[in-house]
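Peer 1: 3D model of this:
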Amino acid sequence: MRYVVIGASAAGINGVRELRKLDKESEIILISKDKEIYSRCILHHYLGGERTVPELNFAEHNFEELYNVQWIKGKACTGLKPEEKKVILEDGEEVKYDKLLIATGSHTFVPPIKNLKEAKNVIGFRNIEDIETLKEVAKTHKNFLVMGGGLVGLDCTSGLLELGVNVTLVEMAKWMLVRQLDPRAAKTYQDAFEAKGVKQYYGDGIAEAVMNGEGVITSVILSSGTEIPCDYVVITAGVRSNVEFLEGSGIETSKFGLIYDETGKTSDENIYGAGDVSGTSPIWPVAVKEGIIAASNMAGVPRKMTDFFASKSTMNFLGIPSMSLGNVNPEDDSYCVEIRDTKDSYKKIVHQNGKIVGAILQGDLAYGGILQQLIARKIDVTKVKKPIFDVDYSDFFHINENFEFYYED
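Peer 2: Residues are numbered from 1 along each chain as shown. The predicted structure follows:
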């Protein structure tokens with residue numbers, strides 16, 4: 001058996017690990033455009049000088065030897081021949097496979113805004129090369145505009161602050177981290193970034209980039225008409241899945257990316273997918289789990305993706321830790337929302353028909369363990385006899401005659 005894995009990030013690397021765990025003998029080939037293994041979640045630490053490139057590596061230092069994997073580095077895939085079970089590389093080389101895992105991730109999408117795509121001083125925030133460029137230009141450019149107030153946008157903003165440059169953040173939503181936080185929790189971060197000198201515009205988008213005769217953006221004009229001078233634009237809002245190489249292959253994709261089921265299988269029984277390439281799983285823990293699930297099924301050990309929350313984020317910007325689970329901004333009155341807001345922390349739980357569907361913890365994450373117990377044990381929170389935020393581990397530590405712990409409501 002020959003396994004081929006395309007992509008050396010969260011899904012691909014963990015896919016390789018799981019394949020070798022389950023199959024000690026078969027051949028594993030890893031193909032990637034990247035020449036290094038690094039976590040995109042902490043690229044801002046490299047930008048801000050807190051980590052070196054080797055310190056971004058989330059794999060073992062002897063990864064290739066430890067997992068007995070042949071790694072073809074620095075080569076992109078440009079085509080796929082499913083009928084021949086071959087991957088085509090950019091130099092024309094063809095790599096044969098028996099089972100294939102596509103974990104090619106995504107790339108920055110430049111929106112169709114006047115002058116944005118043509119300008120010389122516009123960049124994404126996805127790859128190590130982007131960070132290398134930003135570190136260099138920050139030596140001579142001082143006014144940076146970050147387009148997007150999501151997790152990547154705040155990572156970028158945090159890293160740029162460490163370089164001592166001026167940062168302006170523009171977000172079309174009404175508050176930052178609109179997928180992860182509610183207005184109350186977002187304001188904590190917005191105030192903290194404001195205190196660091198970051199100018200912020202919410203509910204506004206870039207309508208036009210003003211470019212000089214040398215192809216350099218000198219300012220942007222927002223939809224509201226506000227004009228913001230800038231030396232460099234960093235796009236962190238919007239990505240597109242890396243599925244271009246699948247064109248003409250017959251492998252099914254959607255407008256978002258590669259289509260695969262809860263086992264990771266695509267429209268071809270020998271091809272699996274995992275991670276950002278689907279266009280629907282933008283966070284690291286989900287990519288890791290999908291890589292493991294897909295690899296398990298490739299190796300003949302049936303497993304399915306059954307996680308309760310696909311949207312789980314833990315973050316820590318400017319020393320303020322936060323955790324977000326599921327739907328934190330309910331759409332109507334059919335949801336019950338419970339909040340505990342104190343000087344040092346903010347906690348919010350959203351439940352429907354007794355089932356927790358979303359939660360925010362900010363400032364103090366100690367309650368996270370209890371929250372996971374409530375979710376994992378599928379406890380009907382409407383039947384908990386004490387205020388939900390007062391539940392502690394002692395409520396779970398009852399012992400039956402078989403010396404097993406259980407919860408008693």
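Peer 1: Show me which residues of stretch 177-196 are buried.
Peer 2: For stretch 177-196, a neighbour-count test (16 or more other CB atoms under 10 Å) marks 177, 178, 180, 181, 182, 185, 186, 188, 189, 190, 193 as buried. Bear in mind the C-beta positions are built from the backbone N, C-alpha and C, glycine included.
Peer 1: Would you mind putting the CA coordinates of that stretch into CSV?
Peer 2: Only the C-alpha atoms of stretch 177-196 are listed here, as CSV (Å, rounded to 0.1, in the frame of the first residue of the first chain):
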residue,chain,number,x,y,z
LEU,A,177,-14.5,38.3,15.9
VAL,A,178,-18.1,38.3,15.0
ARG,A,179,-18.1,34.5,14.6
GLN,A,180,-16.5,33.9,17.9
LEU,A,181,-17.7,36.6,20.2
ASP,A,182,-20.8,38.7,21.1
PRO,A,183,-20.6,42.6,21.2
ARG,A,184,-19.9,42.5,24.9
ALA,A,185,-16.9,40.2,24.7
ALA,A,186,-15.6,41.8,21.5
LYS,A,187,-15.6,45.3,23.2
THR,A,188,-13.1,44.0,25.8
TYR,A,189,-10.6,43.4,22.9
GLN,A,190,-11.6,46.5,21.0
ASP,A,191,-10.9,48.7,24.0
ALA,A,192,-7.6,46.9,24.6
PHE,A,193,-6.4,47.4,21.0
GLU,A,194,-7.5,51.0,21.1
ALA,A,195,-5.4,51.5,24.2
LYS,A,196,-2.5,50.2,22.1
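Peer 1: so how far is it from its chain's centroid?
Peer 2: 19 Å (CA atoms, centre = their mean, to the nearest Å).
Peer 1: Packing partners of the longest helix seen in the chain?
Peer 2: Using DSSP state H, we find that the single longest helix of the chain is helix 284-298. In terms of contacts (3 or more CB pairs under 8 Å, 6 or more residues apart in numbering; DSSP states H and E), helix 284-298 is packed against helix 10-22, strand 99-102, strand 271-273.
Peer 1: and of those, who's closest to residue 300?
Peer 2: Nearest to residue 300, of all the helices and strands packed on helix 284-298, is helix 10-22, at 7.7 Å by CB to CB.
Peer 1: Render the CA-only coordinates of the closest one in PDB, please.
Peer 2: In PDB, the C-alpha atoms belonging to helix 10-22 read as follows (Å, rounded to 0.1, in the frame of the first residue of the first chain):
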ATOM      1  CA  ALA A  10      -2.400  20.600  10.600                       C
ATOM      2  CA  ALA A  11      -4.500  18.100   8.700                       C
ATOM      3  CA  GLY A  12      -1.700  16.600   6.600                       C
ATOM      4  CA  ILE A  13       0.900  16.200   9.400                       C
ATOM      5  CA  ASN A  14      -1.600  14.600  11.700                       C
ATOM      6  CA  GLY A  15      -2.900  12.400   8.900                       C
ATOM      7  CA  VAL A  16       0.700  11.100   8.400                       C
ATOM      8  CA  ARG A  17       1.000  10.400  12.100                       C
ATOM      9  CA  GLU A  18      -2.300   8.400  12.200                       C
ATOM     10  CA  LEU A  19      -1.400   6.500   9.100                       C
ATOM     11  CA  ARG A  20       1.900   5.300  10.500                       C
ATOM     12  CA  LYS A  21       0.300   4.600  13.900                       C
ATOM     13  CA  LEU A  22      -2.200   2.200  12.200                       C
END
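Peer 1: Now do the buried residues in that helix.
Peer 2: Neighbour-count burial for helix 10-22 flags 10, 11, 12, 13, 14, 15, 16, 17, 18, 19, 20 (criterion: 16+ other CB under 10 Å).
Peer 1: right, and out of these, which lies closest to residue 208?
Peer 2: residue 10 (36.0 Å).
Peer 1: give the contact list for the closest one.
Peer 2: 39, 58, 275, 284, 287, 288, 291 (CB atoms under 8 Å, 6 or more residues apart in numbering).
Peer 1: Which residue is the nearest non-sequential neighbour of it?
Peer 2: Counting by CB to CB, 6 or more residues apart in numbering, residue 10 lies nearest to residue 287, which is 4.0 Å off, once chain neighbours are set aside.
Peer 1: wait, the one you found sits on residue 277?
Peer 2: No - the criterion here is CB atoms under 8 Å, and residue 287 misses it with residue 277 at 9.2 Å.
Peer 1: how about the strands of the stretch 201-350 of the chain, start to end?
Peer 2: Listed in chain order, the strands of the stretch 201-350 of the chain (DSSP state E, counting those that start in this stretch) span 206-211, 217-222, 227-229, 232-235, 239-241, 271-273, 312-317, 320-326, 336-341, 346-352.
Peer 1: still on that earlier bit, format the buried residues of helix 10-22 as TSV; extra columns: pLDDT and distance to residue 121.
Peer 2: Output for those, formatted as TSV (pLDDT from 0 to 100; distance: CB to CB, whole Å):
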residue	pLDDT	distance to residue 121
10	94	30
11	96	32
12	97	32
13	98	33
14	97	36
15	98	37
16	98	37
17	98	40
18	98	42
19	98	42
20	98	44
